[in-house]
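> From the sequence below, what's the structure:
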Amino acid sequence: MPLQLETARLTLRPWTGSDVDAHRVLVAERGGGMPSVEVNRRMIEDQRAASALTGIALLPVVRRGVGDFIGYCGLTVGRASIDEPEIAYELFRRVHGQGYATEAASAVLDAAIATGRKRLWSTVRPWNAPSFRVLEKLGFERDHLSTEESGELVWLTRSLP
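From the prediction side, this is the model:
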């Protein structure tokens, strides 16, 4: 998978040290407080290391022309496998509803197709209607429900050409 993707409005690129502060704020939006700089640096280093091992990545999403970090999107082993990875994205609430998640995820979907993979997964919390809309636009269909310690997850999948 390429580690830089371009769309009409977005650049998805490798993580840099300058992403730490913005990523900390994004993680804090989930609830549970702001992670320390050191914890967040480790999260980013873990992403870099995973990418080096697997050839897939979660990439920072930056608005072209503005240059601001608005979240991340990409492929990860996550709860799936290297052959059938998960597509994942998380964007700041302030940019929700502007089509950025669909645009970024569509670029990642195209990159996944180019790798020759045959299927992708995604897991979404049952309450996350916006994520379901993004995935449905991309052709994902609900597959099954599972429960883990943190609650229920809806699994969606998409076959690739």
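> May I ask which helix or strand encompasses the closest residue to Pro85 other than its chain neighbours?
Take Pro85 and drop its neighbours on the chain: the residue closest to it by C-beta to C-beta, 6 or more residues apart in numbering is Leu75, 4.4 Å away. Any C-beta I mention is one placed from the backbone N, CA and C, and that applies to glycine too. Using DSSP states H and E, Leu75 maps to strand 69-76.
> next SSE after that strand?
strand 86-91.
> the inter-axis angle of that next one versus strand 69-76?
With axes from the mean of the first three to the mean of the last three C-alpha atoms, to 10 degrees defining the directions, strand 86-91 sits at 170 degrees from strand 69-76.
> Let me see the mean pLDDT of strand 86-91.
For strand 86-91, mean pLDDT rounds to 97.
> Same question for stretch 28-37.
89.
> for stretch 50-67, same thing?
On average, stretch 50-67 scores 94.
> now the helices: where do they sit in this structure?
Using DSSP state H, the helices of the chain run over 20-28, 37-54, 100-114, 129-137.
> contacts for the first one?
Put plainly, it is helix 20-28. With contacts defined as C-beta atoms under 8 Å, 6 or more residues apart in numbering, helix 20-28 is touched by 34-35, 37, 40-41, 43-44, 60, 68-69, 71-72, 90-92.
> Rank the helices and strands of the chain by mean pLDDT and give me the bottom one.
helix 37-54 (a mean of 90; mean pLDDT, DSSP states H and E).
> helices and strands around it, which ones?
helix 20-28 (3 or more C-beta pairs under 8 Å, 6 or more residues apart in numbering; DSSP states H and E).
> List the buried residues of the helix it packs on.
In terms of neighbour count (16 or more other C-beta atoms under 10 Å), helix 20-28 has its buried residues at 20, 22-24, 26-27.
> Direction included, what does the strand holding Leu75 pair against?
Using DSSP bridges, strand 69-76 pairs in its sheet with strand 58-63 (antiparallel), strand 86-91 (antiparallel).
> Of all those, which one is nearest Leu5?
strand 58-63 (7.0 Å; C-beta to C-beta).
> Can you give me the buried ones in the closest one?
So for strand 58-63, counting by 16+ other C-beta under 10 Å, buried means 58-62.
> Quick check: the gap between the nearest residue to Phe69 once chain neighbours are set aside and Tyr89.
In space, Phe69 comes closest to Ala22 once its chain neighbours are excluded; the distance is 4.0 Å by C-beta to C-beta, 6+ apart. Distance of Ala22 to Tyr89, given as C-beta to C-beta, to the nearest Å: 15 Å.
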